[in-house]
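Chemist: How does the following fold in three dimensions:
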Amino acid sequence: MSPPMKGLVQFIADIRNAKVHEEEEKRVQAELVNIQKQFSSGNLSGYQRKKYICKLMYIYMLGHRIKFGYREAIELISSQVFSEKQIGYMAALLFVSGNREVDGALIEHVRHDLAVDNSNFNALALQFLSCSAEFGQLGASFENDVFNLLRSPLTPALVRKKACLTMLALYRADPQTLSRNPGWVPRIVALIDDQNLGVAISAVSLTQFIARIDPILCKPAVPLVIGRLHRLVVNRECPDEYLYYGNPAPWLTVKLMGLLEDLIPDPTETPLDPANGAVLGEVLSSTLSSTKLAPATYHESLEYRNTRHSILFAAVSLSSRVDASPEGLPNVIRALGGLLEAGETNARYLALDALTKVAARSGASGSQKAVEHLPKVMRLLRDRDVSVRQKALDLVYAICDSTSVENICRDLLAYMGVAEYSMRPDVAVKVAVLAEKFATDATWYVTTALKLIAVAGSHVADEVWQRIVQIVVNNEGIQPLACKTLVRHLKAPSYPEPMLKVGAFLLGEYGHLIESSASPKEQFDLVYAKFYQCSFASRAMILSCFLKFFLKYEELRPLILDVFESESASIDSEIQQRALEYLKIVTRNDGLSLLKIVTVGMPSFTNKTSPLIARLGSVKIFEKGYSKVPDSLKRDITGISSSASAVPPPAPHPRKGAPAPPPPRNHAASSATLQSLPRSFSSQDVILPQSTSGSSNPFDRSRTASPTKGLAALSPNWEEGYTRLLRFDQGVFFENSLLKIIYRLTRETNSLSGDLQVVNKSPSQITGLVMEIRPGFLNSDDPPYMINVTKVPDAFVPENGRTRLQFQATIRTEFGDSEAPVLNLSFVSGGFSTIRLRLPVVLAKAVAHAPLERSSFFSRWGQIGSALGAEGESQLIFKTTTAFSVQNSSRILSQLGFAVVDNADPNPNNVVGAGILHTATGVSGCLCRLEIAPDGQQFRLTMRCTRPRVAGIILSTAVSVFKQT
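Modeler: Next comes the predicted model:
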């Protein structure tokens, strides 16, 4: 270890001792002046240069801008002293991360250190490449060098291990590296069987990444992985240095099982051959059935138990994926059931989580097997750890079915009385959903639902009692039973306020159905008894109930009038207004005709989906639960037909709803492309059109385009990345504090291949990630484009991890930019977040360069004008905040797909270009002419195309790019 640098230590101490920011700034500036002076002297030793570079790095990490020191860092990299070279690479990495452009000197030094016969220098260079890979500036330059180190049998194991991890970083930063070098995969896969387990672990990580992209490409790895697992788990072949508390290489074992899951994403489509299946079955059986494979001295060790649990959970996950058969399922659930009573909190939690996953993957058979452990799970609801209690509650919900729902609901209601306050709302929601989902007996449902309200009390969310009311309203057969049960609960000395709300609503609607058992006066007294002890919201419901009583029961009218008159002076404005309005209605001399209209019976509710589902929290597998109950049973309890629809589908609107264009100047129809137009040239086409606004200034501000409309639903700051990628085919699409989306697009005529890579920037993992691409057009009968998602992202993205969505878009016909597809993204990272972005899949992306001779440009320009007239032309005058030169304007048009025709326009300040639009319905020629004002900020852009409507669409895209650049 090199001795500490006293000057650096003193400088850091001075910064820490600074009392105010100004004192720190003064010390930093003085040090920067001194460092720059020392660098200028040119007489520094390696130690001094290292010391000053360390000071610069510390200053940089404090947030100050550094404008020098890069060259000195490169000189340190060239040193043959390890400590100096290490500091040089660290400094270079900081400069590269600051978006400094990498120069040739750094590249040469890195390449030299990769090739030199010094494992320490090799490791430093590989580490530098791994850390800088995400910046995308060095990966393509060194991928061959890294692979040569990885595959060479002469390379030390340490370097090969780091080379695997570096290659993984390069693949993550640029997945196209894999498509450029598919022949590398067999060599990488072979490293899984390497004698050095460190290399094998790194190779598994690299292979797993490749397998997630293309499992077929890594198919040869399946027998290698299974064979290595068999040697580790069954034969226990492992070097002594990799034995951890008697477990042979547990990290490699867990990684291999995870890799095997990725290699076999769907066992029904890619089943294992019988030989490999038998070996894997032996491995899983050995893992799931054995509990004491190490010396007895290890069995009481926490480290041993944690290791065994990790292997067990990996085996459970793999077994439920590749062997979810009725024969293999009992072993999995039995092994997990044994961990439910483990002494470690983490083991109990993970066992509950794994059981939930098994039940979700295996369906009804898994739920039935897991119910055998229900008593243990119910005991865990009283665990000392709140996370275990919550996970146990989720598992109870997950394994419930129609045969166990009554027992589970009964136990949960009993648990409600002793559950802590923070969990009671969650318990109440789950009981309500389970009762609705599986109940086939109306009496049982009403009894359970109202008992839930009585037990849960104020912990019942409004959605719970509102859903109960909906179901009673929709089922005439249970309305009398519900009212009788309510009367019994309202007679209790005390009851929660939600019970009063339900009673006020249902007795007001259906109280007349139980007059034989509960007289109107009794119903009135029960509801009015708590009138002055409840909230104003409940009072409002009670007043509405009394209004309905006034119409139905003549004997109650004097009492109700007294209540209305009394509440007309209420201190609450809502109650006062309601009482006055009701009093006015019942005292009108119209024979209560208005009252009959106001109190018309409640119609049936039409929403099929329970609003409680949104409150289920972390439980995601409930969505499949409704399929466990026949539709007929669901209709019996909800009273809502499956054919009902809460909102009728909107009528289709024609996509081309714009007003008809003016009549063309030439009625000769033409669908010709650029190549088919005659080559005649007319000088009059060069003349600029005259202004029609009455102003002689062609750059009049009053003629600028109106801003884009209809973007309120998109996420903030969406337009920056969208406009950037209208010009470029790759780059950062969206970025906030939680994630970054990197976009890549590959064009091939009218076919666009998109890749959206999501990078997790949040300090925690991302779960529940859902990415959905929705078309932006309304008329689905004749879609202008088709989008197929070819790869869905992973729902789980670890901290600093990434995932991707890939899609294929086919442009069929023309469409406006406002009809471009929209990316909807939702995920959980601390809280639930949603992002809505417009994808840069626009018509202009299907325009390709069409090289054209300068002498031919205006002849074809004139032919388009003559053939299509106003239908084939669009023009717009606009102004930008940034000044553009002719060269910059030409570059933008080229990026938009137009081949710039040099020296074709008589005015050197004008730019003209030609392109070909490719769609499924054919190709179209496109010509553009950009006139630039002397200040470089005002423009007139004219677009002519051989297909109607296209010119205006592409012109709009081009103008938005100029304005946002």
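
Chemist: Following the chain onward from the host helix or strand of Leu32, which element is next?
Modeler: In this assignment (DSSP states H and E), Leu32 forms part of helix 21-41. As assigned by DSSP H and E, the chain's next helix or strand after helix 21-41 is helix 46-61.

Chemist: how about the CA coordinates for that following helix, as CSV?
Modeler: Output of helix 46-61 as CSV, limited to C-alpha atoms (Å, rounded to 0.1, in the frame of the first residue of the first chain):
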residue,chain,number,x,y,z
GLY,A,46,5.1,10.8,-11.0
TYR,A,47,4.3,11.2,-7.3
GLN,A,48,3.6,14.9,-7.6
ARG,A,49,1.5,14.5,-10.7
LYS,A,50,-0.5,11.8,-8.9
LYS,A,51,-1.1,14.0,-5.9
TYR,A,52,-2.3,16.9,-8.0
ILE,A,53,-4.6,14.7,-10.0
CYS,A,54,-6.1,13.3,-6.8
LYS,A,55,-6.8,16.9,-5.7
LEU,A,56,-8.5,17.6,-9.0
MET,A,57,-10.7,14.5,-8.7
TYR,A,58,-11.7,15.6,-5.2
ILE,A,59,-12.5,19.1,-6.4
TYR,A,60,-14.5,17.6,-9.3
MET,A,61,-16.5,15.3,-6.9
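
Chemist: which of the residues in that helix are buried?
Modeler: 46, 49-60 (16 or more other CB atoms under 10 Å). Glycine gets a C-beta too; all of them are placed from N, C-alpha and C.

Chemist: Which strands border the host helix or strand of His918, and is each parallel or antiparallel?
Modeler: Counting by DSSP H and E, the secondary-structure element that holds His918 is strand 910-919. As defined by DSSP bridges, the strand partners of strand 910-919 come to strand 847-849 (antiparallel), strand 899-900 (antiparallel), strand 922-932 (antiparallel).

Chemist: Turn those strands into JSON lines, columns for mean pLDDT.
Modeler: Formatted as JSON lines, the strands paired with strand 910-919 follow (pLDDT from 0 to 100):
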{"stretch": "strand 847-849", "mean pLDDT": "90"}
{"stretch": "strand 899-900", "mean pLDDT": "91"}
{"stretch": "strand 922-932", "mean pLDDT": "91"}
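
Chemist: Tell me which of those strands sits most buried.
Modeler: The highest mean neighbour count among the strands paired with strand 910-919, using mean count of other CB atoms under 10 Å, belongs to strand 922-932: a mean of 24.

Chemist: Please work out which residues outside the helix or strand that contains Leu726 touch it.
Modeler: Per DSSP H and E: Leu726 is located in helix 718-727. By CB atoms under 8 Å, 6 or more residues apart in numbering, the residues outside helix 718-727 that reach it are 711, 731-735, 741, 743, 745, 836-840, 842, 844, 892, 895-896, 957, 960-961, 964-965.

Chemist: rerun at 6 Å
Modeler: Helix 718-727 is contacted from outside by 731, 733-734, 743, 837-838, 840, 895, 961, 964, using CB atoms under 6 Å, 6 or more residues apart in numbering.

Chemist: cool, and stretch 149-160?
Modeler: 119, 122, 163-164, 187, 196, 199.

Chemist: Now do the buried residues in that stretch.
Modeler: 149-150, 155, 158-160.

Chemist: Stretch 865-880 now?
Modeler: Quick answer for stretch 865-880 (16+ other CB under 10 Å): 865-869, 871-879.

Chemist: got it, and stretch 524-541?
Modeler: In stretch 524-541, counting by 16+ other CB under 10 Å, buried: 524, 526-527, 530-531, 538-541.

Chemist: Alpha carbons of it, as PDB, please.
Modeler: C-alpha atoms of stretch 524-541 as PDB (Å, rounded to 0.1, in the frame of the first residue of the first chain):
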ATOM      1  CA  PHE A 524     -86.800   5.600  11.300                       C
ATOM      2  CA  ASP A 525     -85.700   5.400  15.000                       C
ATOM      3  CA  LEU A 526     -82.800   3.100  14.200                       C
ATOM      4  CA  VAL A 527     -81.400   5.500  11.600                       C
ATOM      5  CA  TYR A 528     -82.100   8.700  13.500                       C
ATOM      6  CA  ALA A 529     -80.600   7.400  16.800                       C
ATOM      7  CA  LYS A 530     -77.100   8.200  15.700                       C
ATOM      8  CA  PHE A 531     -77.900  11.300  13.600                       C
ATOM      9  CA  TYR A 532     -76.100  13.800  15.900                       C
ATOM     10  CA  GLN A 533     -73.200  11.400  16.700                       C
ATOM     11  CA  CYS A 534     -72.100  10.800  13.000                       C
ATOM     12  CA  SER A 535     -70.200  12.900  10.500                       C
ATOM     13  CA  PHE A 536     -71.800  15.400   8.200                       C
ATOM     14  CA  ALA A 537     -71.400  13.100   5.200                       C
ATOM     15  CA  SER A 538     -73.400  10.400   7.100                       C
ATOM     16  CA  ARG A 539     -76.000  13.000   8.100                       C
ATOM     17  CA  ALA A 540     -76.500  14.000   4.400                       C
ATOM     18  CA  MET A 541     -77.100  10.300   3.600                       C
END
